[in-house]
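*Asks:* Next come a sequence and a model predicted from it.
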Amino acid sequence: MDASWLDIQLKLERIFYELSQCIEDFDVTFDPEIRTADSRFGDFQVNGVLSFAKKNRKNPRALGEKLLIKAREVEPLTDCALELSGPGFINIRFSSSLLQQWMNYFYNRCDFSQQLQGKTIVIDYSSPNTAKQMHVGHLRSIIIGESIQRILRFCGANVIRDNHIGDWGTQFGILIMAVKRAKVDVFALDMMAALDEFERLYREGVALTQQDERYLAAARQELLLLQHGDDENLKIWEAINRASYHAFEEIYRQMDVTFDHVLGESFYRDKVDSICHELKSLGIAEEDHGALLVFHRDHERFRAQPFLIRKSDGASNYATTDLATVRYRVEVFHADEMIYVTDGRQRDHFQQLFLTVERWFRAKNMPLPRLKHVWFGTVLGADGCAIRTRSGESIKLKQLIDEGIQRAWAIVVEKNPGLLADEQKEIARVIAIGAIKYADLSQNRTSDYVFSWDKMLSFEGNTAPYLLYAIARIHALLRKLDIRENFDEIRFSKIMAPFSTAEELALARELVNFPSVIQQVLDDLRPHYLCTYLFGLASKFSSFYNANRIFGEGREVFEKRLLLCRFVLYVLETGLHLLGIKTLEKM
RNA sequence: GUUCCUGUAGUUUAACGGAUAGAGCAUCGGUCUUCGGAACCGAGAAUCUGGGUUCGAAUCCCAGCAGGAACGCCA
């Protein structure tokens, strides 16, 4: 066993490929297609023989047989159960000895930091608009973005977290117009009350612009003034942003999220003109009715649907600042890759942005960074309709978190009345935030998200509290052993009693999949793979812990079961950390 | 209208073209004087419709149906 075995699936992929190259019936096009197998058949299976044989008009079972004979001679596989099955699958069932070798070798050193070593990745998430409180629609970007950035960092990337706040858009034209019209003294407002007032004024402003074209024109004029550096408008704008940032910070603190940079759209305000000129002179952008547009003639949709990078009144927009942002991140951050975590409705925008950047960078002969849009589904209400931003019914994030903590607290007090009040409060906080995050992360990000208090705050089934509970039980065990202080120094003996019970084996087999799951999350940037895995692991742990005693069956049995518990603890804690969820020793 | 996304048990959902579609909740039944019951074990119940490709399709292709989204001055 050596470090190359960390990701067993990957290792098997290499082993079977190399073996196949020693057999004349195979050639370089053979892909072993190692898959985790249904537990009825084994731990992994080689699927690729079937399609290879079909393509080359050969007998899959005959080819499989040859591969199988070779595989039986490969060192750590020698005592594993390998069999040819069905139309030509090769099933591999790990022996207890291989599982224990793996666990001994990787005990406390599952190191993934080589995966993305030397890569600089800018991740753009949360990115709320100022002048409004964050509501439930802002939840997913924060939660998914935070998890993804942790996983990238864990895999060795140089991650730069950039909160690209929307502080320079059209909403300010409307809002400043409304502020001036209502003659509100924005500088006299209390910090806490200010945001509510701005939201009220904004709604008022929107209603006015919809009723009367003159207000719409006035709003555009105010925005233009702001973007051209008008002193009064800048001061109002600053006051609005101060109040917004103050509220954002509180949410981020509760959600355990921090950023390396908070460079809002306004940061790029003096960088947009040169880009418009450049794209125009390169022949990428063209003027039409005074606006500046980019068409992609060879794209079936975007040849007719333009990317608007400057409005006809000369004002910049989202697209303009996004272009400037890409250049800044390449030139200043030296980004190899940029990841945008936003909802799926912005897919067209990002596709157009990426296509435009591609042409732009190519024309200037600059190296193109990888650009990824990690999108997620819409937040829906109980009625199946999208939760509306300005409907007044949208649930504020602050309110959501407070209610979560309140509900968790009630349960903690009921279940553990013996704990100190401060402990109960802290535990409730961890559980509530964890439950909210896990509810979001545990489903495929591209699905729509049905918002439900009950689902988020339920503490049963595939939820954060279930995982936290498994962790708390293991900590309780370690406390009971009274060995927690020097636990890391315990060395498990190389010769250990083999895993024998069904529960031990099932648990050990689940444990060795952790690295493959991390790889899978990395490939697709979908954290729900990790959630599914962790829940399965915790569930197998609970079955094991229920059926197999740690104490009372002798030193050898104790040692192997303790190794399992310790490994489960490591994987659950690491996994939850990667999801951005804090863990507890007691709950 | 054009384009994109999504249709899986009552419900929330999983499944990198692989074998008998896997879970949670709910429902029904069971375990235990518990290394923490916020637990464990078991039962019933599902791939929108119709074609096609494939040794093999929830997954790929085509046509419908249903829901949602984007589409020149919002972000």
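*Replies:* Ah, there it is.

*Asks:* For chain A, which element, helix or strand, carries the lowest mean pLDDT?
*Replies:* The weakest-scoring helix or strand in chain A, judged by mean pLDDT, DSSP states H and E, is strand A:449-450 (a mean of 78).

*Asks:* what's the distance between A:Leu564 and RNA strand B?
*Replies:* 10 Å (CB to the nearest atom of the strand, to the nearest Å). All C-beta spots, glycine's among them, are computed from the backbone N, C-alpha and C.

*Asks:* With A:Ile151 instead?
*Replies:* 16 Å.

*Asks:* can you check A:Ser452 too?
*Replies:* A:Ser452 is 8 Å from RNA strand B, by CB to the nearest atom of the strand.

*Asks:* burial count for that residue?
*Replies:* 13 (other CB atoms under 10 Å).

*Asks:* Please, where are all the strands along chain A?
*Replies:* A:34-36, A:44-46, A:81-85, A:89-93, A:120-124, A:158-162, A:285-288, A:291-294, A:307-310, A:337-343, A:370-376, A:379-380, A:449-450 (DSSP state E).

*Asks:* Please tabulate these in TSV, including the columns mean neighbour count.
*Replies:* Shown next, in TSV, are those (neighbours: other CB atoms under 10 Å):
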stretch	mean neighbour count
strand A:34-36	18
strand A:44-46	25
strand A:81-85	16
strand A:89-93	22
strand A:120-124	24
strand A:158-162	21
strand A:285-288	16
strand A:291-294	20
strand A:307-310	22
strand A:337-343	22
strand A:370-376	18
strand A:379-380	18
strand A:449-450	18
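
*Asks:* right, and those strands - which one's nearest A:Met255?
*Replies:* strand A:158-162 (13.1 Å; CB to CB).

*Asks:* okay, the angle between that closest one and strand A:120-124?
*Replies:* 20 degrees (axes from the mean of the first three to the mean of the last three CA atoms, to 10 degrees).

*Asks:* wait, does strand A:158-162 contact RNA strand B?
*Replies:* No: using CB under 7 Å from any atom of the strand, strand A:158-162 stays clear of RNA strand B, coming no nearer than 14.5 Å.

*Asks:* returning to what we had before: gap between the least confident helix or strand of chain A and the chain center?
*Replies:* Distance, stretch centre to chain centre, for strand A:449-450: 17 Å (CA atoms, centre = their mean, to the nearest Å).

*Asks:* Repeat that for stretch A:322-342.
*Replies:* 18 Å.

*Asks:* Now do the buried residues in it.
*Replies:* When burial is assessed from 16 or more other CB atoms under 10 Å, stretch A:322-342 yields the following buried residues: A:322-330, A:333, A:335-342.

*Asks:* which outside residues touch it?
*Replies:* A:119-125, A:127, A:141, A:144-145, A:148, A:160, A:162, A:164, A:263, A:268, A:271-272, A:275, A:279, A:309, A:350, A:353, A:356-357, A:360, A:366, A:369-376, A:525 (CB atoms under 8 Å, 6 or more residues apart in numbering).

*Asks:* ends of it, how far apart?
*Replies:* Stretch A:322-342 has an end-to-end distance of 13 Å (criterion: CA to CA, to the nearest Å).

*Asks:* hmm, stretch A:10-27 in reach of RNA strand B?
*Replies:* No: against RNA strand B, stretch A:10-27 shows no contacts by CB under 7 Å from any atom of the strand, the least distance being 9.9 Å.

*Asks:* how deep is whatever residue of the stretch 451-587 of chain A ends up closest to RNA strand B tucked in, by neighbour count?
*Replies:* Nearest residue of the stretch 451-587 of chain A to RNA strand B: A:Gly461, at 1.7 Å (CB to the nearest atom of the strand). Using other CB under 10 Å, A:Gly461 is surrounded by 10 other residues.

*Asks:* Then A:Ile236?
*Replies:* Counted with other CB under 10 Å, A:Ile236 comes out at 21.

*Asks:* pretty sure it is in contact with A:Ala182, am I right?
*Replies:* No: A:Ile236 is beyond contact range of A:Ala182, at 12.0 Å (criterion: CB atoms under 8 Å).

*Asks:* Helices of the stretch 301-450 of chain A, start to end?
*Replies:* A:318-331, A:347-363, A:397-415, A:421-441 (DSSP state H, counting those that start in this stretch).

*Asks:* Nearest to RNA strand B: which residue in the stretch 51-200 of chain A?
*Replies:* Counting by CB to the nearest atom of the strand, the stretch 51-200 of chain A gets nearest RNA strand B through A:Gly169, at 2.5 Å.

*Asks:* one step back: looking at the helices of the stretch 301-450 of chain A, which is closest to A:Phe295?
*Replies:* helix A:347-363 (9.6 Å).

*Asks:* is the closest one anywhere near RNA strand B?
*Replies:* Yes: residues of helix A:347-363 are located near RNA strand B by CB under 7 Å from any atom of the strand, namely A:347-349.

*Asks:* Check what contacts that helix and list those residues.
*Replies:* A:278-279, A:282, A:284, A:294, A:296, A:299, A:301-302, A:305, A:307, A:309, A:318-319, A:322-323, A:326, A:340, A:342, A:367-368, A:371, A:373, A:375.

*Asks:* same check, this time on stretch A:173-193
*Replies:* A:131, A:194, A:197-198, A:201-202, A:204-206, A:208-209, A:215, A:218-224, A:226, A:233, A:235-237, A:239-240, A:242-243, A:246.

*Asks:* Same question for stretch A:555-569.
*Replies:* A:100, A:103, A:107, A:470-471, A:474-475, A:477-478, A:481, A:487, A:490, A:492-493, A:496-499, A:504, A:507-508, A:511, A:537-538, A:541, A:544-545, A:548-551.

*Asks:* Check which residues of it are buried.
*Replies:* In stretch A:555-569, counting by 16+ other CB under 10 Å, buried: A:557-558, A:560-569.

*Asks:* Out of those, which two sit at the greatest distance?
*Replies:* Distance extremes for the buried residues of stretch A:555-569: the farthest pair is A:Val557 and A:Leu569 at 18.7 Å, using CB to CB.

*Asks:* Pull up the residues of the stretch 251-400 of chain A that are close to RNA strand B.
*Replies:* A:265, A:288-291, A:293, A:300-301, A:305-306, A:308, A:311-313, A:315, A:317-318, A:344-349, A:377-378, A:384-386.

*Asks:* one more time with 6 Å, if that's ok
*Replies:* Applying CB under 6 Å from any atom of the strand, one finds that the stretch 251-400 of chain A approaches RNA strand B through A:265, A:288-291, A:293, A:300-301, A:305-306, A:308, A:311-312, A:317-318, A:345-349, A:378, A:386.

*Asks:* Tell me the buried residues within the residues you listed.
*Replies:* Looks like those have A:265, A:291, A:293, A:306, A:308, A:311, A:317-318, A:349, A:378, A:386 buried, using 16+ other CB under 10 Å.

*Asks:* near RNA strand B at all, stretch A:126-144?
*Replies:* Yes: on the criterion CB under 6 Å from any atom of the strand, stretch A:126-144 is in touch with RNA strand B at A:Asn129.
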